[in-house]
Structure formats: structure tokens, C-alpha cells
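Asker: Would you be able to build a 3D model of this:
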Amino acid sequence: MEALNSGSLKAVIGVTCFRYYLPAPPTQMPINPPLPLLYNYRRCPYAMRARMAMLQADRRFLTFEVVLRDKPAALLALSPKGTVPVLRLPDGGVLEESWDIMRWALASPDPEGWWSRAQSNENLDLLRRNDGDFKRALDRYKYPERYPDDARPREAWRAEAVPSLLTLLEARLQRQRYLGGAAPCATDLAIFPFVRQFAAVEPGWFADQPLPALQHWLAAWVASRLFEVCMTKQPVQVVAAFPGLHAGDGDV
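Answerer: Okay, the predicted model is just below:
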């Protein structure tokens, strides 16, 4: 596996601007046939993994980019908890969790095994760790001001995050290219946005850690066409068509 030096990894992690932009469409769009509508927040890692799954599955969809301080009544009517992502399906169904959106996008059909490979006990355990202990440590490391009653310094949460997930990912990726094995799976898409968020807090510190396989995996996903299109900027508070990704273009 090709190693990345600290400078190149910092450069990759620091990429925040992407080339794909769309002009603002009208708030109401004629839809024929009806398309799924994703209530979205571009920088949310849960929304990122939902978008990546739908793009990889070649699902056409619309987005409504939410301003979190001004959540639309339509979103709250569908999902009173008001968190994103939320997917409104053409048949009126509603998916309120990112993993459920990923299942809807990838599981049927699943010709390339993106969903089936994610169902191993090992991969499901990684997902639970990511969405549990690692996310808890990540939030307190990245946003210490949100937890004023927490006496632990942010560096303690940074240290806790490493064994809770990152060393396990490193061990897996030392043996195989992806969490899915020789080919990627939904677990790669589900965990990548959170590792990216963690690495971006202190890129220099992360680049200096003995996690070469994980760093390579992260850099490859950040540089991928799939992630680039996933991060397309959308106009806020209006319905907009999301650009598509042809099958295979998202390979890294």
C-alpha cells in the first residue's frame, strides 16, 4: 500500500472547495416521475453517507438544503425530531435515519454487493462503534464548547477516539484495501465521513499518527469522484435536483 507523507495528507484533508455547482432552481419543480426528496445539510456526516450511497446506486433524487436555525415546517411534519438527513419517498414513505436511507439506496438491487458485504458481523460492529463511542468522543473533541460541564480536556477525547475505532480500522485496512474487502461496501461509505471529520480537526496531528493504512484509505475517499460530487453545493431552502454519478465513476 502506498504511503502518504504528512504534507500530502494534510493537503488532501484540507480540501474544502469542489468544482461542481448548480444554478438556483425555482422553489417548486415539476417532477415527472416523482423523485425522492432528501432534506439535507451538506456538511453533516450522516447526510454525506446518505448522499454517497444514493449516488453510488445511481438513484436520482432532489435535495432541500436545510438551514438548521430555520428548519422548514415540511421537514418537521415528516420527522418531528428535526434532524437530517430525512428522505421523503415518492410513495409517501419517510426514512429518518441515514443507515435506512443507505439500505433503501443500495440493498435492492445489489449487483455489486455494496450492501451485502456490509452485513458481516465485523462490519456491523464497526458501524456500531462508529455511531456510538467514536461519535461521542469526536463530538467532544471537535466541539468542546458544546459540553461546558465536561471536565475532561478535548485531548482526552481525542485519545479515547483512537482505540474506540481508528486502531480497529487500521488493523482491518492493513489486511485489505477496503472495509468491504477487495471492493468497497456500505460500511466504507458510512464510516468515512466521520473519520474525515476527526482528521480535519487537527490535520497535522492526525497525519503524524501511526495509522498509514487508514490515512491512505481516507485520502483515497476524499480524492474520489464519488465524494467530489457528493459535496456539490446546493442552493439553500429550495428544492433542487442533485447531480448524478454514473455507475463505476465513484470507484477509488
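Asker: Report the separation between residue 37 and residue 74.
Answerer: Here residue 37 is placed at a distance of 9 Å from residue 74 (C-beta to C-beta, to the nearest Å). Quick note: C-beta positions are derived from backbone N, CA and C, even for glycine.
Asker: What of residue 214?
Answerer: Applying C-beta to C-beta to residue 214 and residue 74 gives a distance of 39 Å.
Asker: ok, those two, which is more surrounded?
Answerer: residue 214 (23 against 14; other C-beta atoms under 10 Å).
Asker: Could you look up the SS state of that one?
Answerer: The three-state assignment at residue 214 reads helix, by DSSP: H, G, I helix; E, B strand; the rest coil.
Asker: Touching both of residue 37 and residue 74, which residues are there?
Answerer: residue 64 (C-beta atoms under 8 Å, 6 or more residues apart in numbering).
Asker: How are the strands of this structure distributed by residue range?
Answerer: 37-40, 62-65, 86-88, 94-95, 239-241 (DSSP state E).
Asker: Report the distance from the first one to the chain centre.
Answerer: Translated: strand 37-40. Relative to its parent chain, strand 37-40 has a centroid offset of 14 Å by C-alpha atoms, centre = their mean, to the nearest Å.
Asker: Number the chain from 9, please
Answerer: In the new count, where the first residue is 9, that last one comes out as strand 45-48.
Asker: Show me what it packs onto, helices and strands only.
Answerer: helix 53-64, strand 70-73, strand 94-96 (3 or more C-beta pairs under 8 Å, 6 or more residues apart in numbering; DSSP states H and E).
Asker: Show residues contacting that strand.
Answerer: For strand 45-48, using C-beta under 8 Å, 6+ apart, the contacting residues are 55, 58-59, 62, 69-74, 80, 83, 86-87, 92-96, 109, 242, 247, 250.
Asker: Give me the PyMOL select line for the residues you listed, limited to the buried ones.
Answerer: Applying 16 or more other C-beta atoms under 10 Å to the contacts of strand 45-48, the buried members can be selected in PyMOL as follows:
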select buried, resi 55+58+59+62+69+70+71+72+73+74+83+86+87+92+93+94+95+96+109+242+247+250
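Asker: Output the below-cut-off pLDDT ranges for the stretch 9-158 of the chain.
Answerer: 9-41 (pLDDT under 70).
Asker: now the helices for it?
Answerer: 14-21, 53-64, 81-86, 106-114, 129-137, 143-150 (DSSP state H, counting those that start in this stretch).
Asker: right, and those helices - which one's nearest residue 189?
Answerer: Closest to residue 189 of the helices of the stretch 9-158 of the chain is helix 129-137 (C-beta to C-beta; 9.5 Å).
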